[in-house]
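A.B. asks: would you be able to build a 3D model of this:
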Amino acid sequence: MSHRTADPLRTVTLDDVLGAQKMLTEIARVTAMEGSRHLTQLVGAPVHLKCENLQRTGSFKLRGAYVRIAGLLPEERAAGVVAASAGNHAQGVALASALLGVRATVFMPKGAPLPKISATREYGAEVRLHGHVVDETLAAAQEYATRTGAVFIHPFDHPDVIAGQGTVGLEILEQCPEVRTVVVGIGGGGLAAGIAVAVKALRPDVRIIGVQAAGAAAYPPSLAAGRPVPVENPVTMADGIKVGRPGDVPFALVGALVDEVRTVTEDELSTALLLCLERAKLVVEPAGASPVAALLSDPGSFEGPVVAVLSGGNVDPVLMQRVLRHGMAAQGRYLAVRLRLTDRPGALATLLGVLSLADANVLDVSHVRTDPRLGLTEAEVELHLETKGPAHCAEVGEALRAAGYTVIG
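C.D. replies: Have a look, this model is predicted:
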């Protein structure tokens, strides 16, 4: 397959995806598909997880990047390639370039997680840190391409990239031929568009549902308007789908082939990530967990068997820690309590004893004695507790009140 002289705005066909699949033989892994007993019980039908978080470089991005770079003319390869990314696309371009013997320069935001920067360099790319948001980084990469002649490798807005991502759809049909619904996260739209091209061509009865983070949901208003509409200042922990404007090429395909686009909240994303870790034993980044978040938010609305695409697992350890705590809080497994007690020796130890008897694990204690709101003999204590869920939270609160404490927050 070659798109060397193709119009970048042309459509993508099943033949393109099949050609990409041949090109990716022995390059991209055929990732595992795992059943989820917990999600199956919730949905009331079989649910399978397509584990692209276990792909080389930790996400599906290698597929599209390799197909795009492999299709360049010899003189284009000689000029090198350039990309802009906060993580997954950067690593995909870096490895694809190394495999093809092409020089790669990757622009990344200054605040990009260190593990992603290190991994991109280890794959052989030159990393340049520029800007604080992806839009600034993208502009720097495009300026570099204009100045040097390097070929800009877009993360989602090119037919070759979409064809490469579409190979995930072919694998889904091979691994779960009885599938009725495919759920996939959407940022710029390359993965969803590619999967939709492949699946709808071979199984038009299969329903394709895209998922966006509510704080970065450009597709619903864009589809309503019939054209890509940018979202100003998208905000979400799911940086893999934090895209302010749909790509022109994937937008047309998503509009024609994707049956529905839903949104999920940050609480739902963090809860989904926690579920993947605890129940499926899979490390998944927030963007990759977005299909699971959609299943959790409305489990009865999916026709099974369902395949949820876990698109990536490149999560910064610091973010993972924050997200896990957020997810536990969303599930009622964290409890923040503020109360007043008499400021005397042993008062705090007595309080901790009450919490111990209530089987609450104390994570943090803040003890305030000097505050104009407090009486002369009063102290205010704020505690962060680990609990077993909402019912246990209620039990802890009741135990504190029964011991004579006034809970003020």
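
A.B. asks: relative to residue 350, how far out is the residue most central in space within the chain?
C.D. replies: Geometric centre of the chain, nearest residue: residue 287, 1.0 Å, by Cα atoms, centre = their mean. Applying Cβ to Cβ, to the nearest Å, the value for residue 287 to residue 350 is 46 Å. Backbone N, C-alpha and C define where each C-beta goes, glycine included.

A.B. asks: also residue 143?
C.D. replies: 65 Å.

A.B. asks: who's in contact with the residue nearest to the centre of the chain?
C.D. replies: Residue 287 makes contact with 185, 187, 213, 238, 239, 240, 241, 242, 311, 312, according to Cβ atoms under 8 Å, 6 or more residues apart in numbering.

A.B. asks: got TSV for those, with neighbour count too?
C.D. replies: Putting these into TSV (neighbours: other Cβ atoms under 10 Å) gives the following:
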residue	neighbour count
185	30
187	31
213	29
238	28
239	28
240	28
241	29
242	21
311	31
312	31
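
A.B. asks: kindly reformat the residues you listed as TSV containing pLDDT, distance to residue 104 and secondary structure.
C.D. replies: Listed next are those as TSV, based on pLDDT from 0 to 100; distance: Cβ to Cβ, whole Å; DSSP: H, G, I helix; E, B strand; the rest coil:
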residue	pLDDT	distance to residue 104	secondary structure
185	97	25	strand
187	92	21	coil
213	96	29	strand
238	87	25	coil
239	84	21	helix
240	85	20	helix
241	88	24	helix
242	87	23	coil
311	96	22	coil
312	94	19	strand
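
A.B. asks: would you check which pair of the residues you listed lies furthest apart?
C.D. replies: 213 and 312 (14.0 Å; Cβ to Cβ).

A.B. asks: quick one: secondary structure of the residue nearest to the centre of the chain?
C.D. replies: When classified by DSSP: H, G, I helix; E, B strand; the rest coil, residue 287 comes out as coil.

A.B. asks: could you check how far it is from residue 397?
C.D. replies: 36 Å.

A.B. asks: can you lay out the contacts of residue 287 as JSON lines showing distance to residue 386?
C.D. replies: Listed next are these as JSON lines, based on distance: Cβ to Cβ, whole Å:
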{"residue": "185", "distance to residue 386": "30"}
{"residue": "187", "distance to residue 386": "33"}
{"residue": "213", "distance to residue 386": "27"}
{"residue": "238", "distance to residue 386": "25"}
{"residue": "239", "distance to residue 386": "27"}
{"residue": "240", "distance to residue 386": "29"}
{"residue": "241", "distance to residue 386": "30"}
{"residue": "242", "distance to residue 386": "30"}
{"residue": "311", "distance to residue 386": "30"}
{"residue": "312", "distance to residue 386": "28"}
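
A.B. asks: which one of the residues you listed is nearest residue 297?
C.D. replies: residue 213 (12.2 Å).

A.B. asks: does the closest one touch residue 239 like I think?
C.D. replies: No: contact criterion Cβ atoms under 8 Å: residue 213 and residue 239 do not qualify, at 9.7 Å.

A.B. asks: what touches both of these two?
C.D. replies: Common neighbours of residue 213 and residue 239 (Cβ under 8 Å, 6+ apart) are 286, 287.

A.B. asks: and the lengthiest helix in the chain, how far out from the chain middle?
C.D. replies: Under DSSP state H, the helix in the chain containing the largest number of residues is helix 159-175. Mean-position distance between helix 159-175 and its chain equals 19 Å (Cα atoms, centre = their mean, to the nearest Å).

A.B. asks: can you name every helix or strand that that helix contacts?
C.D. replies: On a contact count with 3 or more Cβ pairs under 8 Å, 6 or more residues apart in numbering; DSSP states H and E, helix 159-175 meets helix 14-23, strand 33-35, strand 47-51, helix 61-70, helix 190-202, helix 248-257, strand 306-310.

A.B. asks: average pLDDT across it?
C.D. replies: Averaged over helix 159-175, pLDDT sits at 98.

A.B. asks: for residue 321, grab the count of nearby residues.
C.D. replies: Residue 321 is flanked by 11 other residues according to other Cβ atoms under 10 Å.

A.B. asks: ok, now residue 35?
C.D. replies: 13.

A.B. asks: setting aside sequence neighbours, what's the nearest residue to residue 35?
C.D. replies: Using Cβ to Cβ, 6 or more residues apart in numbering and skipping the chain neighbours, the partner closest in space to residue 35 is residue 48 (5.5 Å).

A.B. asks: quick one: residues contacting the one you found.
C.D. replies: 33, 34, 35, 36, 175, 176, 179, 305, 306, 307, 308.

A.B. asks: same question, residue 128
C.D. replies: By Cβ under 8 Å, 6+ apart, the neighbours of residue 128 are 105, 106, 107, 108, 140.

A.B. asks: sec struct for residue 245, please.
C.D. replies: Strictly by three-state DSSP, residue 245 counts as coil.

A.B. asks: distance check, it against residue 76.
C.D. replies: 26 Å.

A.B. asks: next: residue 251.
C.D. replies: 26 Å.

A.B. asks: the two: which has the busier surroundings?
C.D. replies: residue 251 (24 against 16).

A.B. asks: do you know the pLDDT at the more buried one?
C.D. replies: The model's pLDDT for residue 251 equals 95.

A.B. asks: for it, which non-adjacent residue is closest in space?
C.D. replies: residue 228 (5.1 Å).

A.B. asks: so what's that neighbour up against?
C.D. replies: 218, 222, 245, 246, 247, 248, 251.

A.B. asks: which of those has the largest number of neighbours?
C.D. replies: In terms of neighbour count, residue 246 stands highest of these at 30 neighbours, by other Cβ under 10 Å.
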